[in-house]
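Enquirer: The amino acid sequence is not available; the structure is as follows:
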């Protein structure tokens, strides 16, 4: 049963979660430079005059890892489809929380943290730079949307399997 179509959808959602660590979440365009925002802090080039983020978004990383674990557990609970549906529903909630944190809170908080570190003690300059900054979402920020679609298709596959098993039980 591990070779069912829902396993492929769950594996794709898991792969997208892993890929989120390697692709940028956002690019903050300031008047004089651009700052790339990632899940994992990238090391800065010594000769670069650009500024990089100093810390990783711990909440996003934690939600992403929990989602990855839930996808893995869901893949290997193929014998108990009811439990698989419950774990999948919880994974969906974690993914929605990840998406909300990413788009509603984390990118703005990340830019503010970067600017506060960069412009120490200059709150007036931080506020004006924050207002003039333009946020361009990176490829990593679109992965949760694709993952939601994968989870919906996986849920439909699990439901079809459950209907098939119940129909075969009725025939006996």
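Expert: Great, that's in hand. Note that the structure is a prediction, hence the values are computed from the model and not measured.

Enquirer: residues of stretch 81-93 that come out buried?
Expert: 81, 84-85, 87-88, 91-92 (16 or more other Cβ atoms under 10 Å). Glycine gets a C-beta too; all of them are placed from N, C-alpha and C.

Enquirer: Would you map the helices across this protein?
Expert: Ranges of helices in the chain, per DSSP state H, are 5-19, 58-75, 81-100, 107-118, 123-132, 143-171.

Enquirer: what would these look like in JSON lines with mean pLDDT?
Expert: Below are the helices of the chain laid out as JSON lines (pLDDT from 0 to 100):
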{"stretch": "helix 5-19", "mean pLDDT": "94"}
{"stretch": "helix 58-75", "mean pLDDT": "93"}
{"stretch": "helix 81-100", "mean pLDDT": "94"}
{"stretch": "helix 107-118", "mean pLDDT": "66"}
{"stretch": "helix 123-132", "mean pLDDT": "66"}
{"stretch": "helix 143-171", "mean pLDDT": "88"}
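
Enquirer: Can you say which of those is nearest to residue 32?
Expert: helix 123-132 (9.6 Å; Cβ to Cβ).

Enquirer: List just the nearest of the buried residues of stretch 81-93 to residue 154.
Expert: residue 88 (6.4 Å).

Enquirer: Wait, the closest one touches residue 153, no?
Expert: No. Look at residue 88 against residue 153 with Cβ atoms under 8 Å: they stay out of range, at 11.0 Å.

Enquirer: shared neighbours, those two?
Expert: Counting by Cβ atoms under 8 Å, 6 or more residues apart in numbering, no residue touches both residue 88 and residue 153.
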